[in-house]
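K.L.:
all I have is the shape, not the residue letters:
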């Protein structure tokens, strides 16, 4: 395997922009990334949960990856979410990402046949993907969506594979992050997917975060990471606390529609969500407006 970039910093879990009539808006995606290139972000994740990956077909998947690769500034870490329920299709999508020059493939666990997805089945799935892949694999534990958590023992066993480089843990459970990091080699790099726990997660060994919040508050997320790296505890705590309301209400309660609406309010292109997701109601928009208005001036001036 060729040398790989170090996983660290703040990486937005990119949204997938759509036109009003429903097609993928690739030009808007390039515009968003062009703006993000100036924000101090470490890289980009295409097709995390915020990217509505399960709502796009294979051709759209390939076009979006190509657009992200084209728009990203040199030196940015590129991660493609390639995990689906089928092992063979996951391998196929991972090969597409490799051909396009992505650095890592982020692979969520198969979850449709949930009762069968025990530790043995998960380890076998990930080993087959890692064996076949030309780029390093990142485990992706997002139990709030899949209902299947990557437990500590599974992460520990898979960390022994030379092509499993690390993990994104979106559980928001800092104890869990610490337990995983205590069970894997130092070379295994973990990033949190929960923007409310960046500070405590990095305190126990995480290298940064892959965050939905960074789609509309990238400056604030990067400022938090920089404060943590500088060991400025007072500023880190202040910034971490400021991330809690927009994370809980916009990212958590409102979901992808909330993230996209907040992006629109901040001058990025969010646009519509794809069915069966629904747009925000008027009360939710009013709440999101207040949260963004309270935070955006601070984010821009940090």
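P.N.:
Okay, I see it. All values reported here derive from a predicted model rather than from experimental measurement. Numbering: from 1, shown residues only.
K.L.:
what residue ranges in the stretch 51-200 of the chain are flagged as low confidence?
P.N.:
Applying pLDDT under 70 to the stretch 51-200 of the chain picks out no residues at all.
K.L.:
three-state assignment of residue 138?
P.N.:
strand (DSSP: H, G, I helix; E, B strand; the rest coil).
K.L.:
nearest residue to it other than its sequence neighbours?
P.N.:
Distance criterion Cβ to Cβ, 6 or more residues apart in numbering; nearest residue to residue 138, sequence neighbours excluded, is residue 106 at 4.7 Å. All C-beta atoms are positioned from the backbone trio N, CA, C, and that covers glycine.
K.L.:
element containing the one you found, please.
P.N.:
Using DSSP states H and E, the element containing residue 106 is strand 104-107.
K.L.:
list of residues touching that strand?
P.N.:
For strand 104-107, the external contacting residues (Cβ atoms under 8 Å, 6 or more residues apart in numbering) are 4, 7, 45, 47-48, 77-83, 90, 93-94, 97-98, 126, 129, 133, 135-140, 165, 168.
K.L.:
among the residues you listed, which lie within helices?
P.N.:
Among these, DSSP state H puts 90, 93, 94, 97, 98, 126, 129 in helices.
K.L.:
list the buried residues of the one helix or strand residue 64 maps to.
P.N.:
Assigned by DSSP H and E, residue 64 belongs to helix 58-71. By neighbour count on 16 or more other Cβ atoms under 10 Å, the buried set for helix 58-71 is 60, 61, 62, 64, 65, 66, 67, 68, 69, 71.
K.L.:
residue 111 against residue 146, yeah?
P.N.:
Yes - under the criterion of Cβ atoms under 8 Å, residue 111 makes contact with residue 146 at 4.0 Å.
K.L.:
pLDDT score assigned to residue 13?
P.N.:
Note for residue 13: predicted pLDDT of 98.
K.L.:
and residue 118, how many neighbours?
P.N.:
Residue 118 has 11 neighbouring residues, counting by other Cβ atoms under 10 Å.
K.L.:
please apply the same query to residue 200.
P.N.:
Under the neighbour criterion other Cβ under 10 Å, residue 200 is assigned a count of 18.
K.L.:
cool, and residue 275?
P.N.:
Counted by other Cβ under 10 Å, the residues lying close to residue 275 total 8.
K.L.:
tell me the contacts of it?
P.N.:
residue 55.
K.L.:
give me phi/psi at it?
P.N.:
Dihedral pair for residue 275: phi -60, psi 140, per degrees, to the nearest 10.
K.L.:
gap between the longest helix seen in the chain and the chain center?
P.N.:
Scanning the chain for the helix with the most residues, using DSSP H, yields helix 282-301. The chain centroid and the centroid of helix 282-301 are separated by 22 Å under Cα atoms, centre = their mean, to the nearest Å.
K.L.:
just stretch 114-125 next, same as before
P.N.:
Computed by Cα atoms, centre = their mean, the separation of stretch 114-125 from the middle of its chain amounts to 23 Å.
K.L.:
how about it, which residues are buried there?
P.N.:
Buried-residue list, stretch 114-125, by 16+ other Cβ under 10 Å: 117, 121, 122, 123, 125.
K.L.:
what do you get for stretch 280-297?
P.N.:
280, 284, 285, 287, 288, 291, 292, 295, 296.
K.L.:
stretch 36-48 too?
P.N.:
36, 41, 42, 43, 44, 45, 46, 47, 48.
K.L.:
what's the closest of those to residue 241?
P.N.:
Using Cβ to Cβ, residue 41 comes nearest to residue 241 of the buried residues of stretch 36-48, at 21.7 Å.
K.L.:
who's in contact with that closest one?
P.N.:
9, 10, 11, 12, 76, 214, 218, 222.
K.L.:
just those: which are in helices?
P.N.:
Within the contacts of residue 41, residues falling in helices by DSSP H are 218, 222.
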